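Enquirer: Okay, here's the prediction I keep looking at, along with the sequence it came from:
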Amino acid sequence: MVDQVQTRSVTVSKKAMNDVVCWKRWSWEEDLQRVLVVVNQRATGSLLVDSPTDCLIRREMASRGMTGEVTAAYLAEYKDESLELLSLTRRADFVVLAVGTKISSAVDQRLKFYIQQCQGNGQSRKLYWLMNSGGKHVHPVELDGLSWQFGPVD
């Protein structure tokens, strides 16, 4: 099921499967860059109420001028997750893997499978890790207001 609300300046959409939110999207201008940020958590809040992570993602992308479309995809296990993530990746111009290093082995395996799928489908050039100034993979909350840095996924 896809829900959508349109206001004067932004369209907010989300996709849920069996009450699990797969992704949430904010669209401002169709012709500008599309960014996908993959995080390792379940979505919280409603369509118009953002989680703290969602707020961090939107604020950072806006500060970088990436205001065409921003999608937060949540690595919570649901049916056809890998197909949905690959579809979102094909749609995006830039993909940020913002999962950090403190992830379960199940999430780590799903993330590795997703990266392999992207490589096999010619999408890997779009993938970047979210990193701190020391080069460590981080989740947006872990940066605690510090600037975001990106590193290519090998």
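Expert: Noted; the coordinates are in hand.
Enquirer: Any idea which residue is closest to the centre of this protein?
Expert: By Cα atoms, centre = their mean, the chain has its centre lying nearest to Val37, at 2.0 Å.
Enquirer: tell me the secondary structure for that one?
Expert: strand (DSSP: H, G, I helix; E, B strand; the rest coil).
Enquirer: The lengthiest helix in the chain packs against which elements?
Expert: Ranked by residue count, the top helix of the chain under DSSP state H comes out as helix 105-120. Counting contacts by 3 or more Cβ pairs under 8 Å, 6 or more residues apart in numbering; DSSP states H and E, helix 105-120 is packed against helix 81-91, strand 94-98. Every C-beta, even on glycine, is put in place using the N, C-alpha and C of the backbone.
Enquirer: Would you give the sheet partners of the shortest one, along with the direction of each?
Expert: So the one you mean is strand 94-98. strand 34-39 (parallel), strand 127-131 (parallel) (DSSP bridges).
Enquirer: just the CA coordinates of the helix or strand immediately after the last one in the chain, formatted as CSV?
Expert: Put plainly, it is strand 127-131. Sequence order places strand 149-152 as the next helix or strand after strand 127-131, per DSSP states H and E. Extracted in CSV, the C-alpha atoms of strand 149-152 (Å, rounded to 0.1, in the frame of the first residue of the first chain):
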residue,chain,number,x,y,z
GLN,A,149,31.1,12.4,4.6
PHE,A,150,30.7,9.9,1.9
GLY,A,151,33.0,7.1,0.8
PRO,A,152,32.6,4.8,-2.2
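Enquirer: Can you list the strands that strand 149-152 pairs with?
Expert: Here strand 149-152 is paired, per DSSP bridges, with strand 127-131 (antiparallel).
Enquirer: which residues touch the partner strand?
Expert: Contacting residues not belonging to strand 127-131 are listed as 37, 89, 94-98, 115, 118, 137-140, 143, 148-153 [Cβ atoms under 8 Å, 6 or more residues apart in numbering].
Enquirer: List the buried residues for that strand?
Expert: Buried residues in strand 127-131, counted by 16 or more other Cβ atoms under 10 Å: Leu127, Tyr128, Trp129, Leu130, Met131.
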